[in-house]
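1. with the input below, show me the fold.
(2 chains)
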Amino acid sequence: MKETPAESVVGPVETPTSTSSITEDDLTPEQLAAQWEEEKPPAAGALANAASSLVVIGVGVGATILSAAMGLGTPDKPQPGLWPFIISLVMVALGVFQLVLGRHNRDAEKFTRMSTAPLTGLVTLAAMVALMPLIGFELPALVLCVIWMRFLGGETWRSTLVVSAAVVIAFYAIFVLALKTSIPHLF
Amino acid sequence: MDFLNPVINGFAVVLEPTNLLYCLVGVVIGMLIGVLPGLGPAATIAILLPLTYNVEPVTAIIMLAGIFYGAQYGGTITSVLLRLPGEASSVVTVFDGYQMAKQGRAGTALGLASIGSFIGGTAAIIGLTFLAPIVASFALDFGPPEYTALAMLGILLVATISSGSKAKALVAAALGLLLATVGRDIFTGESRFTFGSLQLADGIDFVPIAMGIFGLGEILYNLEERHRAAKAPSKVTNVWPSRQDLKQASGAIGRGSVLGFFLGILPGGGATIASMASYAMEKKRAKQPERFGKGAPEGVAGPETANNAAATSSFIPLLTLGIPANATMALMFGALLIQGVTPGPQLVEQNPELFWGVVNSMYIGNILLLIMSLPLVGIFVKILRVRAAILAPVTALITLLGAYTINNSMFDVTLVVVFGIIGYLMKKFGFEPGPLVLAFVLGELLESSMRRSLLVFGGDPLGFFGRPISATLLAVFVLVAVLPAIRGALTKRKPIAITAVTPEIKEKV
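-> Here you go, the predicted model:
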């Protein structure tokens, strides 16, 4: 694992002290399961379920039209479109089924304030992909590390900067110096 | 002794220094990601796929397999010490393992778990050694119709056994099949769904899909997960269980080995289901079931044995039929395809050094893991201190830079990010990513076998029912597809449904 050097830089890390009382420690499996259930992110409502079903139906219908355009042929002389056509039909059917009967499923999760974290993460990743060919990977990677550790992870500034620098140096050493890959790099 | 010759030759393959090294690397990584909550074995294997490009196929699979079964060992440690399951397959270990740790018997719990894991793993390798060639020789006569039926059944089972909504899992599988059709049609050479893009003309590579959906999707998803406040881990003192503990747990270990082995072979089965089934069985069999949840050693030994046995035996369908039984095996399948090896019944005959090399490497891997989890367990307990906030950007960067190295192209990196978004949204909306990747891997096999069969049958789909094996498989397929609907209709009539005690576990990939 490449992260070991980074870890040794930080040194021993203080573990947050436990605030749990004795009662919390004595949970039976059933209570523990219930507690986990409670801690799960809130379930999304019927709207999210309907939206996801509509996306599925949309993709399915789109693929149906495109594959029909490729030509279907007959089972013994199939054209390229036949197989994708069958799958797309199944997908549309499943989407409709989901739209009608899956309304009250509770397995979708609500987007909460916490969801800004993956969104931020995504933006940094996209920025890195866009910038890498232009200015190399080092600076975007450093910025990505800082944002993820300080703002998404709540690390202290000191450990963020030290670890980020160590991580980028380690990656440079591995991918550029040791493996001699052609990853775009600035230095 | 003809049968044993290739087996023994396999040991020669394993003992090559490179292979030994990769085996060690694999099990250490597996153990680490097992200990660190967040990434599961499938995500790790997906992220590390680029590493396997420049090595021999056997070496690559030895390492990837090591990650998979190593994670089963490592996952125990957090379950016992922190009441946080490192892996989905170690969730039930929490119930009694943590209680044992509270009673000052953390060492005993870990010791029993690793001894059980070792026995379960080793028993399953021996079972694999004898069962796999038989299954493979049986499957040698399989033609396209049988493969069509088998692939369809495999995808359906993985989709229906997944924890979330079945219809959503099937949607994911359909999307996987659709993605597999992108690119040139193998029969006519026409482009499908390429939208004029040259880069899509050869189809989408398996690696960016796996890295994106499993790897990056999981990383993004974890970013918003509220992490339960970590506590100071309990002290681990003596990891060697006493004779009495061993005696008490020996039954559970024996039963766990057998149960896990068989549950692992079933498509859609695997380590998680095996561990839960074993816990339920031990509790049912116990003379005083009320001890469970209060630190019963059997409640740790049984599930931990079963999940290792299942992890090992789930290689059987992959290596003998060429049908991956779960998402992780789909990744192995993909890794073999990259190397130009198509897993299937011919593998034992045509590639004995690969087959036996991988199988026998598991003996070595299990011994290494036993050493790491008994005398060296203290080192891994220390690793618990690495925080997710530091790990997340590191894994994200490994994924991006690794994706670049596949073809030295930014296009692959972009694909990984795109599939990362899809993977994240899928998880968010309750669509399992596993069936997608599995269906994607099997998509080409399924389409080409179906079209070949239809050619043979002159375009008559009923021809599938004219052959005994494909007919049986398809009958099972229909049964599995229809059964939940019937059961659903029945339970609706009875308003008080019997709910299982086991919590619904979101499978970490």
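2. so where's chain B uncertain?
-> Residues of chain B that meet the criterion pLDDT under 70 lie in B:1-2, B:37, B:162-164, B:226-235, B:269, B:488-489, B:491-509.
3. so which residue is dead centre in it?
-> B:Thr328 (3.5 Å; C-alpha atoms, centre = their mean).
4. element containing it, please.
-> Using DSSP states H and E, B:Thr328 sits in helix B:327-338.
5. likewise B:Ser117?
-> Assessed by DSSP H and E, B:Ser117 sits inside helix B:106-139.
6. what's the following helix or strand after that helix?
-> Where DSSP H and E defines the elements, the next helix or strand beyond helix B:106-139 is helix B:144-161.
7. find out how far whichever helix or strand B:Leu483 is part of is from the centre of the chain, if you would.
-> Element membership for B:Leu483 (DSSP H and E) is helix B:468-493. Computed by C-alpha atoms, centre = their mean, to the nearest Å, the separation of helix B:468-493 from the middle of its chain amounts to 25 Å.
8. so what does that helix touch, helix or strand wise?
-> Under the contact definition 3 or more C-beta pairs under 8 Å, 6 or more residues apart in numbering or on different chains; DSSP states H and E, helix B:468-493 sits against helix B:144-161. The C-beta positions use only the backbone N, C-alpha and C, and glycine is treated the same way.
9. dihedrals phi and psi, A:Gly73?
-> A:Gly73 adopts backbone torsions of phi 70, psi -160, taken as degrees, to the nearest 10.
10. ok, what's across the strand from it?
-> Bridge pairing for A:Gly73 (DSSP bridges) gives the partners A:Pro78.
11. where does the closest residue to B:Ala169 other than its chain neighbours sit relative to B:Phe477, distance-wise?
-> Once flanking residues are discounted, B:Ala169 sits nearest to B:Ala159: 3.9 Å by C-beta to C-beta, 6 or more residues apart in numbering or on different chains. In this view, B:Ala159 and B:Phe477 are 12 Å apart by C-beta to C-beta, to the nearest Å.
12. which of the two has more neighbours?
-> For B:Ala159 versus B:Phe477, neighbours defined as other C-beta atoms under 10 Å in any protein chain shown are more numerous around B:Ala159 (28 against 19).
13. in this structure the residue nearest to B:Ala169 contacts B:Pro435, no?
-> Yes: between B:Ala159 and B:Pro435 a contact is recorded at 4.4 Å, counting by C-beta atoms under 8 Å.
14. now do the shared contacts for those two.
-> Between them, B:Ala159 and B:Pro435 share these contacting residues under C-beta atoms under 8 Å, 6 or more residues apart in numbering or on different chains: B:169-170, B:172-173.
15. looks to me like A:Arg106 is in a strand.
-> No: A:Arg106 is assigned coil when assessed by DSSP: H, G, I helix; E, B strand; the rest coil, not a strand.
16. ok, it touching A:Ala43?
-> Yes: with contact defined as C-beta under 8 Å, A:Arg106 counts as touching A:Ala43 (4.1 Å).
17. give the residues shared as contacts by the two.
-> Taking C-beta under 8 Å, 6+ apart as the contact rule, A:Arg106 and A:Ala43 have no neighbour in common.
18. low-scoring stretches of chain A, by residue?
-> Those would be A:1-27, A:39, if you go by pLDDT under 70 across chain A.
19. spatially central residue for it, please.
-> A:Pro118 (7.1 Å).
20. put the alpha carbons of stretch B:112-123 into PDB.
-> Extracted in PDB, the C-alpha atoms of stretch B:112-123 (Å, rounded to 0.1, in the frame of the first residue of the first chain):
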ATOM      1  CA  LEU B 112     -10.400 -18.500  17.100                       C
ATOM      2  CA  ALA B 113     -11.500 -16.500  14.000                       C
ATOM      3  CA  SER B 114      -8.100 -16.900  12.300                       C
ATOM      4  CA  ILE B 115      -7.800 -20.600  13.200                       C
ATOM      5  CA  GLY B 116     -11.300 -21.100  11.900                       C
ATOM      6  CA  SER B 117     -10.600 -19.100   8.800                       C
ATOM      7  CA  PHE B 118      -7.500 -21.100   8.100                       C
ATOM      8  CA  ILE B 119      -9.300 -24.400   8.600                       C
ATOM      9  CA  GLY B 120     -12.300 -23.300   6.500                       C
ATOM     10  CA  GLY B 121     -10.000 -21.900   3.800                       C
ATOM     11  CA  THR B 122      -7.800 -25.000   3.600                       C
ATOM     12  CA  ALA B 123     -10.800 -27.400   3.600                       C
END
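21. alright, I will stop here.
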